[in-house]
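Trainee: What follows is a predicted structure for the sequence shown.
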Amino acid sequence: MTGKEIREKFLKYFESKGHTRVPSSSLVPHNDPTLLFTNAGMNQFKDVFLGREKRDYTRACSCQKVVRAGGKHNDLENVGRTARHHTFFEMLGNFSFGDYFKKEAIEYTWEFLTNELNLPADKLYITVYKDDDEAFEIWNKHIGVPADRIYRMDEKDNFWAMGDTGPCGPCSEILIDQGPEIGCGRVDCDPYCDCDRHLELWNLVFMQYNRDESGKLNPLPKPSIDTGMGLERITAVVQKVPSNFDTDLIKPIIEYAAKLSNKNYGDNEKDDTSLRVIADHARATTFLISDGVLPSNEGRGYVLRRIMRRAMRHGKMLGFKEPFFYQVCEFVSDFMSDPYIELMDKKSYVSKVVKFEEERFNKTLETGLKIAEELLEKYRENKEIPGFEIFRLYDTYGFPVDLLQDIMEDNGYKLDLVGFDEEMKKQQERAKQAWAGSGESFIADIYKKLENQFKTEFIGYENTNSESSVLAIVKDDNETQEISESSEFELILDQTPFYPESGGQVGDTGKIYNENCNIEVLDCKKVGNLIIHKCKLLNGKVKKGDKVTAVIDVEKRKNTERNHTATHLLHKALQMVLGDHVRQAGSLVAPDRLRFDFTHFAPVDDEEIKKIELLVNENIIKNIEVTKTIKPIEEAIKEGAMALFGEKYDKEVRVVEVPGFSKELCGGCHVERTGDIGLFKIVSEASVAAGIRRIEAVTGLEAVKFTQEINSIAKKSALLLKSNINDVPSKITELQEQLKNTQKELSKLQDKLNASKAEDILSNVKEINGVKVLAVKMDNTEINALRNFVDMAKAKIKSGIVLVGSVNGDKVTFLCGVTKDLTSKYKAGDIVKEIAKITGGGGGGKPELAQAGGKNPEKIDEALNHIYSIL
Ligand SMILES: [Zn+2]
Ligand SMILES: [Zn+2]
């Protein structure tokens, strides 16, 4: 039975039992910002289990793409070394949403394994949760599994929970005894043993409780079923092969990689491990990129990059010098396009992304090797490389530690790997924070204290000014009662129209005043529930408890609003023009411009830029009303509102919508109608990191000014070229052509000039020990002309040595030629090296012609004369 047949048999079997076949969801979970990758079949049904979502079926089955790497299931280094660790695999599952429960779930499982797959019933073992007598009875009485083959397990192994609170329940697992020749070999080995002999095949989760805040388990009115069985694993068992890698689901990929590298799978364990790593990682890479993830230094992209680089490194171990991994990924796209048709669409895209990353990585290795050499030099004394250096190489350049270890050990150096591990741990903490999105910056203790006492209400969506009370004044991180001298300080009010910097939008500026004081607000930030005004006292004095008027700089705010709404339009337009993989990676919304970073692999070309600008401006012209509504997050996500991965959202979120075009979760300030934006113009497009592009744009009057500026540059250029604006490009091409021809002419003339000079110069030939020697200076002459001169002079003197020196700025160049009849005695390379030494340089070359450089132009004459004394 092939793996493909097993997958299909499973889905057909459950369809025959009234289940709806549901396609695999994306590896990027769209409805769960807390999850890195889809890691179980039930992910896409989470809301159905929680009762938040209704479907028109109550039974479902699926074969789900799953990635387990990074985060909780982090065992990347094991993949390839064991029989069953994978970064990517397929998970078969059947689900009941308040429909059938334990009895049917167990019946189906047993019937499928023993009847459909014909597994030997007497080799199957069962585990149940220790208190789950109901499941025990069903297995024992109803199915007929002998009691001595049913094992009771504790919470750790056989109790499942969605989170600290919420649905949970006991599990039951079906294991197969693979026989005593596999695993620990102990006579008393049983399902409690950790070895590979009793292999877990299928996990059934009986969701029957709801755990409340106090930890109490309350029975669910309609209990549910969630099951999962790894396709590769069950296929290995059915096909009776020792590891998942030997199944027909993965073996062909290994064999393809083996063929590429001119190796034979099975010849030696080291190569075999590398081939398994490459096959597994090619599957993960192909599927992740197809689902919109791009290699980067953060979050999902970081995990993908680690997977890719590990595969590439194993490629190096197999002897690949040039990019190869992209070919393996192309093979995966073809090989797995049944049933995953989406892979065909994305095949060339995936291939391009992978090849680009491979080329980048090869460059990394080059740089890394250079630095490794510097380290050898730097730590010559005690021959140990400190942890922070190893980490720097690894982190900044992505240079693999084991490669560094090989190099250092070959040279008799040691590595401080303990120190390295410490640096790694710190990094992992940072990485965790990066993908959990907690960009918490340092908060002064004073604000932690004030946060517990006060709260600022933001009233700036509807108002530009407010009558407020001063709750607290902070100066140099200390609370103070009063400010009476002109200085900078921070002010907290009970309510304010000032928008604090967040979500990329800059903080408002403006004024705070009353009859006793005038204060300028320079910036505004948020700490917890507090809005902190960064202030400067212009005159008078302000004290705690004062009543003040707070007014924002309205014009600046209006400009910021234009740019913020334009950012949303841009985001959507980018997705429409470039593809769904475009995700916001960073954003700045200021009064004078906007900056938007997003995931995309290639530069955005001119045609695409035009399309994007048109789309945004079309929506501006339509003058659509921008709506802002507060609603539960689940509802917003279900309606398709764009959320930022890793961002922490409250239960209630604000949705900013340009109906018919864009919908985003956003707390920022926006225009009333899109027409208020006026005009949108992209100013620049560039790369900021691998796979991350940046667009800068302007709106409103800034956009008008920008087009005016461009127009006047074009006009000036036309004037200078004495043409009209439309003809500027062709005129420039024409001029470039002319320039090239002139340069050619010039170089011909220079050759002629040198030839006639050579005639002159020949009178300078001296004879030393019977050898004709010519040493001359020719300043500001480029190397080709020097070479021509040497050839010419050699031809003229027929037998002898020619040396030319040329000063170009602060650089000296020497060229030495020796006629063939003399090369057994005099080598041009040796001579030129000696000469260049005097000017503090060096060089070399062939016996007949050699080149050298130097740094001291003032010594050129001395150097040239030196030739007479060395012959
Ligand atoms: Zn064992
Ligand atoms: Zn926004």
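Mentor: Great, that's in hand. Ligands and ions are numbered 1, 2, ... in the order given.
Trainee: Is residue 851 in contact with residue 836, as I believe?
Mentor: No. Counting by Cβ atoms under 8 Å, residue 851 does not reach residue 836; the two are 9.1 Å apart. For every residue, glycine as well, the C-beta is placed using N, CA and C.
Trainee: Give the residues shared as contacts by these two.
Mentor: 814, 843 (Cβ atoms under 8 Å, 6 or more residues apart in numbering).
Trainee: These two: who's more crowded?
Mentor: residue 836 (25 against 20; other Cβ atoms under 10 Å).
Trainee: Do you know the pLDDT at that one?
Mentor: Looking at residue 836, its pLDDT stands at 90.
Trainee: Identify the residue nearest it in space, chain neighbours excluded?
Mentor: residue 852 (3.6 Å; Cβ to Cβ, 6 or more residues apart in numbering).
Trainee: Tell me how many other residues surround residue 105.
Mentor: Neighbours of residue 105 (other Cβ under 10 Å): 23.
Trainee: which residue does the stretch 751-871 of the chain bring closest to ligand 2?
Mentor: Nearest residue of the stretch 751-871 of the chain to ligand 2, counting by Cβ to the ion: residue 809, 52.5 Å away.
Trainee: Give the buried residues for the host helix or strand of residue 353.
Mentor: Here residue 353, judged by DSSP states H and E, is contained in helix 342-378. By neighbour count with 16 or more other Cβ atoms under 10 Å, helix 342-378 contains the buried residues 342-343, 346-347, 349-351, 353-358, 360-361, 364-365, 368, 371-372, 375.
Trainee: Check stretch 480-489 too.
Mentor: 483, 489.
Trainee: Need the pLDDT of the residue of the stretch 751-871 of the chain closest to ligand 2.
Mentor: For residue 809, the predicted pLDDT is 82.
Trainee: can you check the one 10 residues further on too?
Mentor: Each residue has a pLDDT score; the one for residue 819 is 94.
Trainee: and if you look at residue 849?
Mentor: What the model reports as pLDDT for residue 849 is 91.
Trainee: Look at the residue nearest to it when sequence neighbours are not counted and give its secondary structure.
Mentor: Spatial nearest neighbour of residue 849, excluding adjacent residues (Cβ to Cβ, 6+ apart): residue 817 at 5.2 Å. Following DSSP: H, G, I helix; E, B strand; the rest coil, we place residue 817 in the strand state.
Trainee: Give the other helices and strands that the helix holding residue 353 contacts.
Mentor: helix 269-290, helix 299-317, helix 325-335, helix 387-397, helix 401-410 (3 or more Cβ pairs under 8 Å, 6 or more residues apart in numbering; DSSP states H and E).
Trainee: Compile these into a markdown table and extend it with columns for distance to residue 556.
Mentor: Listed next are those as a markdown table, based on distance: least, Cβ to Cβ, whole Å:
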| stretch | distance to residue 556 |
| --- | --- |
| helix 269-290 | 42 |
| helix 299-317 | 33 |
| helix 325-335 | 49 |
| helix 387-397 | 39 |
| helix 401-410 | 50 |
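Trainee: SS state for the spatially most central residue of the chain?
Mentor: Among the residues of the chain, the one closest to the centroid is residue 296, at 1.5 Å (Cα atoms, centre = their mean). At residue 296 the chain is in coil, as set by three-state DSSP.
Trainee: Just to check, it is in contact with residue 693?
Mentor: No. Using Cβ under 8 Å, residue 296 is not in contact with residue 693, being 11.6 Å away.
Trainee: hang on, isn't residue 503 packed against residue 665?
Mentor: No. Judged on Cβ under 8 Å, residue 503 makes no contact with residue 665 at a distance of 9.4 Å.
Trainee: So between the two, which is more surrounded?
Mentor: Ranked by neighbour count (other Cβ under 10 Å), residue 503 and residue 665 place residue 665 first, with 21 against 17.
Trainee: what's the more buried one in contact with, if anything?
Mentor: Residue 665 sits in contact with 633, 636, 641-644, 647, 649, 653-656, where contact means Cβ under 8 Å, 6+ apart.
Trainee: Give me the distance between it and ligand 2.
Mentor: 8 Å (Cβ to the ion, to the nearest Å).
Trainee: Got the phi and psi for that residue?
Mentor: Here is the backbone geometry of residue 665 (degrees, to the nearest 10): phi -80, psi 120.
Trainee: And residue 68, by the same measure?
Mentor: Torsion angles, degrees, to the nearest 10, at residue 68: phi -120, psi 100.
Trainee: cool, and residue 722?
Mentor: phi 50, psi 50.
Trainee: That one: neighbouring residues, count only.
Mentor: 8.
Trainee: Can you report how many residues lie near the residue nearest to residue 836?
Mentor: 26.
Trainee: Near ligand 2, which residues of the stretch 601-750 of the chain are found?
Mentor: With the criterion set to Cβ under 5 Å from the ion, the stretch 601-750 of the chain comes near ligand 2 through 666, 668.
Trainee: In terms of pLDDT, where does residue 710 sit?
Mentor: Residue-level pLDDT assigned to residue 710 equals 94.
Trainee: So it: helix, strand or coil?
Mentor: From three-state DSSP, the assignment for residue 710 is helix.
Trainee: before we move on, what SS does the nearest residue to residue 246 once chain neighbours are set aside have?
Mentor: Taking Cβ to Cβ, 6+ apart, and ignoring the residues beside it in sequence, residue 246 has residue 236 as its nearest neighbour in space, at 6.8 Å. Three-state assignment for residue 236 (three-state DSSP): helix.
Trainee: Could you do the one 4 residues further on as well?
Mentor: State at residue 240, reduced to three classes by three-state DSSP: coil.
Trainee: Kindly list the main-chain dihedrals of it?
Mentor: Dihedral angles (degrees, to the nearest 10) for residue 240: phi 50, psi 40.
Trainee: do you know how far it is from residue 4?
Mentor: Per Cβ to Cβ, to the nearest Å, residue 240 is found 17 Å from residue 4.
Trainee: Check residue 550 too.
Mentor: 68 Å.
Trainee: Please say which of these two ends up with more neighbours.
Mentor: Per other Cβ under 10 Å, whichever of residue 550 and residue 4 has more neighbours is residue 550, with 26 against 15.
Trainee: would you say the more buried one is within a strand?
Mentor: Yes. Using three-state DSSP, the assignment for residue 550 is a strand.
Trainee: which residue packs closest to the closest residue to ligand 2 within the stretch 651-800 of the chain, ignoring adjacent ones?
Mentor: Residue nearest to ligand 2 within the stretch 651-800 of the chain: residue 666 (3.2 Å; Cβ to the ion). Leaving aside its sequence neighbours, residue 666 sits nearest to residue 656 (Cβ to Cβ, 6+ apart; 4.4 Å).
Trainee: Can you classify that neighbour as helix, strand or coil?
Mentor: strand.
Trainee: shaky segments in the stretch 51-200 of the chain?
Mentor: 70-75 (pLDDT under 70).
Trainee: who touches the residue of it found nearest ligand 2 in this structure?
Mentor: Residue of the stretch 51-200 of the chain nearest ligand 2, by Cβ to the ion: residue 52 (25.4 Å). Contact analysis of residue 52 by Cβ under 8 Å, 6+ apart lists residue 634.
Trainee: go on, residue 692?
Mentor: Applying Cβ under 8 Å, 6+ apart, the residues contacting residue 692 are 296, 585-586, 597-600.
Trainee: go on, residue 29?
Mentor: Residue 29 sits in contact with 35, 37-38, 43-44, where contact means Cβ under 8 Å, 6+ apart.
Trainee: who touches both of residue 296 and residue 693?
Mentor: residue 599.
Trainee: Find the least confident helix or strand in the chain, judged by mean pLDDT.
Mentor: helix 417-436 (a mean of 67; mean pLDDT, DSSP states H and E).
Trainee: next helix or strand past that one?
Mentor: Following helix 417-436 in sequence, per DSSP H and E, is helix 445-453.
Trainee: in its sheet, what does the next helix or strand after that following helix sit against?
Mentor: Downstream of helix 445-453, the next assigned helix or strand under DSSP H and E is strand 457-458. Under the criterion DSSP bridges, strand 457-458 sits next to strand 495-496 (parallel) in its sheet.
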